[in-house]
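# curious how this folds, go ahead:
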Amino acid sequence: MTNMPPRVRFAPSPTGELHVGNARTALFNWLFAKHNRGNFILRIEDTDQVRTSRVFEANLLQDLAWLGIDWDEGPGKEGPCGPYHQSERLSLYRTHLERLIAAELVYPCYCTDEELEAERLSLVSRKMMPRYMGKCRNLTAETRSRLAAEGRPAAYRFHVPPGPITFSDLIRGEMRFEGSALGDFIIVRSNGIPAYNFAVVIDDHLMEITHVIRGEDHLSNTALQLLLYLALGFEPPRFAHHALILGRDRSKLSKRHGATAVREFRERGILPEVLLNYLALLGASFGEGKEVFTTGEMIDAFSLDRAGKSGAIFDEDKLLWLNSLYIRKESPATLAGHMRPFISAAGYDHITEVRLHRIIEAVRDNLTNLAEIGYYLRVFDDNAYELSAEALQLLATEEAKKVMVGLLDLLDDLGKVPAEDDRLYGTLMPLMPEKTGLRGKKIFMPLRAALTGQTKGPELDRCFAVLGKSSLQHRLHRAIAATA
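Modelled structure (predicted):
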């Protein structure tokens, strides 16, 4: 394996939406493959017949594609090591189970769920590590025959030998587990479906995986899998276990911390390259304190040596800040493409591209996510125009009314002062101090409130450019009437 290009894999179970933690694992594998000119394999671990859903699988593929994480082999890209769904590989697992049975390295276990739970609770009550204590390990052939005749289904357990299990982790260094502390583990369930640790060893070997990069919560699984590699005569891959993503309370990130699924952030208007950038930097150092990377830069800079050993806190505020940076540097045309679902949801499919681009140009610096475009489309829609309570309060003063009337008079006089819409602000605003006797915020704040209906929003010159003369007049008349 050492002389071949690296082959890594991402092997999710389609039993829920793609979690940002799993997406980060996929990204690390993808970056490793790209950096080392290797191959990235996508394998679907769909043997959980109760919880597996084709909807979740479709969403998973869509979310990976949205992030820009493509695969060299997997669903839709069949290769020489397929099939890439575990549900289509059951005969392979059965063949290797029979090898272990013949070598007397596994044995049938007839313990019921109730018996196993009672054993677990007993160990916990005695402050001992929960594990299988080997009740069925030394059953006689006669007893096994009797239990089978009674109709008791049998799972198969691997006989864990005593002694240390060691391996060198590419992130964490030397690791050690004691076989006696692990207990004999199930490799095939009583319904004939392979357990995770068994299936993954068979698949990784047959798919020629050279490196397994995954979360630190799999460390104990690696110890069990190494025993199976040895028992089957397979050369194990290299292992690397990165730190997990944590919530603000430093516990493993979960739904109680807020949004955790890639799809949730997608639906909230986070750009795909932003989430990719953020996940790549989370708990990893790319050097020089830089925080904004292109995909190409991430590929060039990626190294397992830079993956952190300590859990990284998921900071949604920082994600939104990073999103706002990306939004500001993107062109209106590019942003319009990303915003299309949010524009449709807000009911503005009919808006022209020219007007949409002008609005995006005006509000781009105010956006933290793409979904906010719906709010601003309403702000610039005369039919949806309304004054907020804060705007009404601000406009109720005599000074504010003087500002509104002053701008309206200047707009009415535009017949004598030629000006294009894009030049309205530069033409009229220099005249406002002389017209009203006011300056600075005493002009700008009432005008923003009157023209947008809000006390906060885009810069005033951009509002002028988007609205144009007729909308400015329409809104000023309504604001004056509302505060009369």
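# C-alpha only now, for contacts and for neighbours.
Fine.
# what's the neighbour count on residue 258?
By the other C-alpha atoms under 10 Å criterion, the neighbourhood of residue 258 contains 11 residues.
# mind checking how far it is from residue 27?
For residue 258, the distance to residue 27 (C-alpha to C-alpha, to the nearest Å) stands at 22 Å.
# what's the answer for residue 262, then?
12 Å.
# when the two are compared, which one has more neighbours?
Neighbours were counted for residue 262 and for residue 27 using other C-alpha under 10 Å; residue 262 has more, 25 against 22.
# so the more buried one touches residue 63, yeah?
Yes. The pair residue 262 / residue 63 is scored as a contact, 6.8 Å apart, by C-alpha atoms under 8 Å.
# what touches both of those two?
Shared contacts of residue 262 and residue 63, defined by C-alpha atoms under 8 Å, 6 or more residues apart in numbering, are found at residue 18.
# would you map the strands across the chain?
In the chain, the segments counted as strands under DSSP state E are 7-10, 39-42, 106-109, 155-158, 164-169, 173-178, 185-188, 211-215, 238-242, 245-246, 312-313.
# so where is the stretch 251-400 of the chain shaky, pLDDT-wise?
Applying pLDDT under 70 to the stretch 251-400 of the chain flags the ranges 285-288.
# now with 90, please.
Regions of the stretch 251-400 of the chain meeting the criterion pLDDT under 90 cover residues 251-259, 281-293, 305-312.
# most packed of the strands of the chain?
Per residue and on average, the most neighbours among the strands of the chain fall to strand 7-10, with a mean of 26 (mean count of other C-alpha atoms under 10 Å).
# ok, and what's touching that one?
Residues outside strand 7-10 that contact it (C-alpha under 8 Å, 6+ apart) are 25-26, 29-30, 33, 38-43, 208-213.
# one more time with 6 Å
Applying C-alpha atoms under 6 Å, 6 or more residues apart in numbering, the set of residues contacting strand 7-10 from outside is 26, 38-42, 209-211.
# could I get the top helix by length along the chain in PDB with only the CA atoms?
In the chain, ranked by residue count with DSSP state H as the criterion, the top helix is helix 460-482. What follows is the C-alpha trace of helix 460-482 in PDB, where atoms were taken according to Å, rounded to 0.1, in the frame of the first residue of the first chain:
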ATOM      1  CA  LEU A 460     -28.500  56.400   1.600                       C
ATOM      2  CA  ASP A 461     -26.700  56.900  -1.800                       C
ATOM      3  CA  ARG A 462     -27.500  53.300  -2.700                       C
ATOM      4  CA  CYS A 463     -31.100  53.700  -1.700                       C
ATOM      5  CA  PHE A 464     -31.400  56.700  -4.000                       C
ATOM      6  CA  ALA A 465     -29.900  54.700  -6.900                       C
ATOM      7  CA  VAL A 466     -32.200  51.700  -6.500                       C
ATOM      8  CA  LEU A 467     -35.400  53.600  -5.900                       C
ATOM      9  CA  GLY A 468     -35.200  56.400  -8.500                       C
ATOM     10  CA  LYS A 469     -37.100  59.600  -8.600                       C
ATOM     11  CA  SER A 470     -40.700  58.300  -8.700                       C
ATOM     12  CA  SER A 471     -40.300  55.900  -5.800                       C
ATOM     13  CA  LEU A 472     -38.600  58.500  -3.700                       C
ATOM     14  CA  GLN A 473     -41.500  60.900  -4.300                       C
ATOM     15  CA  HIS A 474     -44.100  58.200  -3.600                       C
ATOM     16  CA  ARG A 475     -42.400  57.200  -0.300                       C
ATOM     17  CA  LEU A 476     -41.900  60.700   0.900                       C
ATOM     18  CA  HIS A 477     -45.600  61.600   0.300                       C
ATOM     19  CA  ARG A 478     -46.600  58.500   2.300                       C
ATOM     20  CA  ALA A 479     -44.200  59.200   5.100                       C
ATOM     21  CA  ILE A 480     -45.400  62.800   5.300                       C
ATOM     22  CA  ALA A 481     -49.000  61.700   5.400                       C
ATOM     23  CA  ALA A 482     -48.400  59.100   8.000                       C
END
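# chain center to it: distance?
Computed by C-alpha atoms, centre = their mean, to the nearest Å, the separation of helix 460-482 from the middle of its chain amounts to 41 Å.
# report the buried residues of that helix.
Taking 16 or more other C-alpha atoms under 10 Å as the neighbour-count basis, helix 460-482 is seen to contain the buried residues 460-469, 471-473, 475-476, 478-480.
# follow-up on the earlier one: pick the one among the contacts of strand 7-10 closest to residue 202.
residue 209 (10.5 Å; C-alpha to C-alpha).
# list the contacts for the closest one?
The neighbourhood of residue 209, defined by C-alpha under 6 Å, 6+ apart, consists of 7-8.
# pLDDT at it, what is it?
Predicted confidence (pLDDT) at residue 209: the value is 98.
# now residue 182
If you check residue 182, the pLDDT there is 91.
# residue 232 versus that one, what's the distance?
With distances taken as C-alpha to C-alpha, residue 182 is found 19 Å from residue 232.
# can you check residue 411 too?
Taken as C-alpha to C-alpha, the spacing of residue 411 relative to residue 232 amounts to 85 Å.
# what's the answer for residue 402, then?
Plainly put, residue 402 is 87 Å away from residue 232 if you go by C-alpha to C-alpha.
# what do you get for residue 317?
49 Å.
# the more surrounded of the two?
Under the neighbour definition other C-alpha under 10 Å, residue 317 and residue 232 were set side by side, and residue 232 has more, 17 against 10.
# number of residues surrounding the nearest residue to that one once chain neighbours are set aside?
Distance criterion C-alpha to C-alpha, 6 or more residues apart in numbering; nearest residue to residue 232, sequence neighbours excluded, is residue 100 at 7.5 Å. Other residues near residue 100 come to 17 when the count uses other C-alpha under 10 Å.
# what does residue 142 give?
When neighbours are counted by other C-alpha under 10 Å, residue 142 registers 9.
# per-domain residue ranges of the chain.
The chain breaks down by automatic domain parsing into domains covering 7-85+246-313, 89-242, 332-376, 385-482.
# for the ones you listed, give me CSV that also has distance to residue 322.
Supplementary listing: those in CSV, determined by distance: least, C-alpha to C-alpha, whole Å:
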stretch, distance to residue 322
domain 7-85+246-313, 7
domain 89-242, 23
domain 332-376, 8
domain 385-482, 19
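# residue 321 is nearest to which of those domains?
Of the domains of the chain, nearest to residue 321 by C-alpha to C-alpha is domain 332-376, at 6.7 Å.
# quick one: end-to-end distance for the closest one.
14 Å.
# need the residues that contact stretch 462-473.
Contacts of stretch 462-473 with the rest of the structure, by C-alpha under 6 Å, 6+ apart, involve 362, 421-422, 425.
# dump these to a markdown table, plus neighbour count and distance to residue 281.
Written out in a markdown table, the entries for those read as follows (neighbours: other C-alpha atoms under 10 Å; distance: C-alpha to C-alpha, whole Å):
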| residue | neighbour count | distance to residue 281 |
| --- | --- | --- |
| 362 | 22 | 31 |
| 421 | 15 | 44 |
| 422 | 17 | 41 |
| 425 | 18 | 42 |
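# now, which of the residues you listed sits nearest residue 73?
Comparing these against residue 73 with C-alpha to C-alpha picks out residue 362 as the nearest, at 43.6 Å.
# which residue, other than its chain neighbours, is closest to the closest one?
residue 462 (5.1 Å).
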